[in-house]
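K.L.:
sequence and predicted model, in that order:
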Amino acid sequence: MYEGERPEIELNSLFGENNWSVAPTPPCKTITGINKITVKSSVNRSKHKRKIKITIPKEDCDCEYKNNCFPAKCPELNITENVFHWIRNELKERSKAKGAPKNQNHLKKRLKKVIKIVGKKKSWFNNAFNGLQKRYKAMIDSNAEQINY
């Protein structure tokens with residue numbers, strides 16, 4: 001496998017042929033009612049009324065949900081989200097220690113240094129990838145509630 005190549009064989013063995021690329025089912029949109037509320041006035045807005053649609057909870061609706069979906073922005077199940085979080089935190093720490101970047105070039109240099117540091121943590125990436133099955137099982141067992149990863 002080449003750098004940047006998708007691990008299709010591994011993903012197919014985990015989730016079944018091309019099931020890992022299936023988008024999650026959108027939430028149920030069946031409207032059961034409308035809740036009317038009055039928003040109080042403030043310095044920036046006047047008093048007004050809003051209508052909020054009430055939908056059927058997922059467990060009560062008869063919609064069919066796809067299995068084996070890979071939620072793109074679920075940090076518990078997507079290693080990429082963890083890496084971006086890690087990079088953001090590293091950048092924040094450097095900004096606290098050294099001050100904010102002065103210009104775009106300074107930001108690029110700082111970002112390259114952080115990415116280089118994160119890229120050297122190969123054991124973290126191996127552990128994260130090897131632990132995906134455990135993460136998915138924990139998510140299923142928790143009934144899609146937040147898990148500690």
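P.N.:
Great, that's in hand. Numbers count the residues shown, from 1 in each chain.

K.L.:
T32 in helix, strand or coil?
P.N.:
The three-state assignment at T32 reads strand, by DSSP: H, G, I helix; E, B strand; the rest coil.

K.L.:
isn't it right next to D60, touching?
P.N.:
No: using Cβ atoms under 8 Å, T32 makes no contact with D60, being 9.3 Å away. Yep, even glycine has a C-beta here, placed from its N, CA and C like the rest.

K.L.:
and the residue lying closest to I31 once chain neighbours are set aside, how many neighbours?
P.N.:
Closest residue in space to I31, ignoring its immediate chain neighbours: K53 at 5.0 Å, by Cβ to Cβ, 6 or more residues apart in numbering. Using other Cβ atoms under 10 Å, K53 has 11 other residues around it.

K.L.:
K47: what's it in contact with?
P.N.:
38-41 (Cβ atoms under 8 Å, 6 or more residues apart in numbering).

K.L.:
report pLDDT for it.
P.N.:
Per-residue pLDDT puts K47 at 91.

K.L.:
relative to K36, how far out is it?
P.N.:
Distance of K47 to K36, computed by Cβ to Cβ, to the nearest Å: 14 Å.

K.L.:
ok so, going back, so what's the residue nearest to I31 up against?
P.N.:
31, 33-34.

K.L.:
go again using 10 Å as the cut-off
P.N.:
Residues near K53 by Cβ atoms under 10 Å, 6 or more residues apart in numbering: 29-35.
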